[in-house]
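K.L.:
Just to be clear, the model below is a prediction. Sequence and coordinates:
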Amino acid sequence: MDWILLPLIGGVATLLGMIGCFVPVLPGPLVSYLALWVLYLMGYPPSTDRLAVGACVLVGVMVTDYVLPSVVAKRFNCSRRGVVGCFLGSLVGLFFLPLGVILGPFLGTVIGELIAGKNVPASLRGGLGALLGFVLCVGLKLVSVGLFAWWYFAAMPLT
């Protein structure tokens with residue numbers, strides 16, 4: 001029974017983890033990392049080194065996910081209203097999947113920058129910064145989810 005259940009749990013967790021890389025509401029790397037603990041609790045442990053390194057990677061990615069968009073937005077001279085617009089655009093974009101997840105932060109930042117009194121080129125630059133921050137965060141999350149999935153399937157017994 002374990003030989004059916006384990007790959008199913010890992011597959012579902014990996015799929016949810018990948019989806020969570022694009023959807024801000026679902027913590028993708030956390031879901032994928034929890035699959036390693038499910039494997040551990042079922043008696044097929046990955047090495048404790050991998051669990052510890054995985055925890056460090058998870059914390060690093062989660063912190064970076066909150067910090068990086070603001071840092072990138074600041075590098076593109078976004079105002080506070082632009083950053084708030086990025087956040088609100090991300091939330092509204094969830095209702096218009098899949099394109100809304102990408103366009104929401106961009107449009108939200110542009111609108112926020114326009115409300116802050118910036119001209120159109122400066123607002124578009126801020127929107128580009130928000131989009132770049134989003135893409136970098138998604139890339140980091142995808143790498144971590146891929147790493148956790150690889151460790152999961154490497155530790156799973158073949159028979």
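P.N.:
Received the coordinates, thanks.

K.L.:
just checking, residue 123 touches residue 110?
P.N.:
Yes. With contact defined as CB atoms under 8 Å, residue 123 reaches residue 110; the gap is 4.7 Å. From N, CA and C alone the C-beta is placed, and that goes for glycine too.

K.L.:
Are there residues contacting both of those two? Which ones?
P.N.:
Any residue near both residue 123 and residue 110 by CB atoms under 8 Å, 6 or more residues apart in numbering counts here, and that gives residue 82.

K.L.:
Which residue lies nearest the spatial centre of this structure?
P.N.:
Among the residues of the chain, the one closest to the centroid is residue 21, at 3.5 Å (CA atoms, centre = their mean).

K.L.:
three-state assignment of that one?
P.N.:
Assigned by DSSP: H, G, I helix; E, B strand; the rest coil, the conformation of residue 21 is helix.

K.L.:
Show the contacting residues for it.
P.N.:
28, 29, 138, 141, 142, 145.

K.L.:
Mind doing that once more with 7 Å?
P.N.:
By CB atoms under 7 Å, 6 or more residues apart in numbering, the contact list for residue 21 reads 28, 138, 141, 142, 145.

K.L.:
Then residue 151?
P.N.:
36, 46, 50, 54.

K.L.:
any idea how far the residue nearest to the centre of the chain lies from residue 146?
P.N.:
To residue 146, residue 21 is 10 Å away according to CB to CB, to the nearest Å.

K.L.:
Output the below-cut-off pLDDT ranges for this structure.
P.N.:
1-3, 158-159 (pLDDT under 70).

K.L.:
what ranges do the helices span in it?
P.N.:
In the chain, the helices defined using DSSP state H lie at 2-22, 28-41, 48-75, 80-93, 99-115, 120-155.

K.L.:
Now do the buried residues in the fifth one.
P.N.:
With burial defined by 16 or more other CB atoms under 10 Å, the residues of helix 99-115 counted as buried are 100-114.

K.L.:
Please apply the same query to the fourth one.
P.N.:
The neighbour-count criterion (16+ other CB under 10 Å) identifies 81, 82, 83, 84, 85, 86, 87, 88, 89, 90, 93 as the buried residues of helix 80-93.

K.L.:
Residue 127: what's it in contact with?
P.N.:
By CB under 7 Å, 6+ apart, the residues touching residue 127 are 106, 107, 109, 110.

K.L.:
I'd say the second one and residue 89 touch.
P.N.:
Yes. Residue 107 is in contact with residue 89 according to CB atoms under 7 Å; the separation is 5.4 Å.
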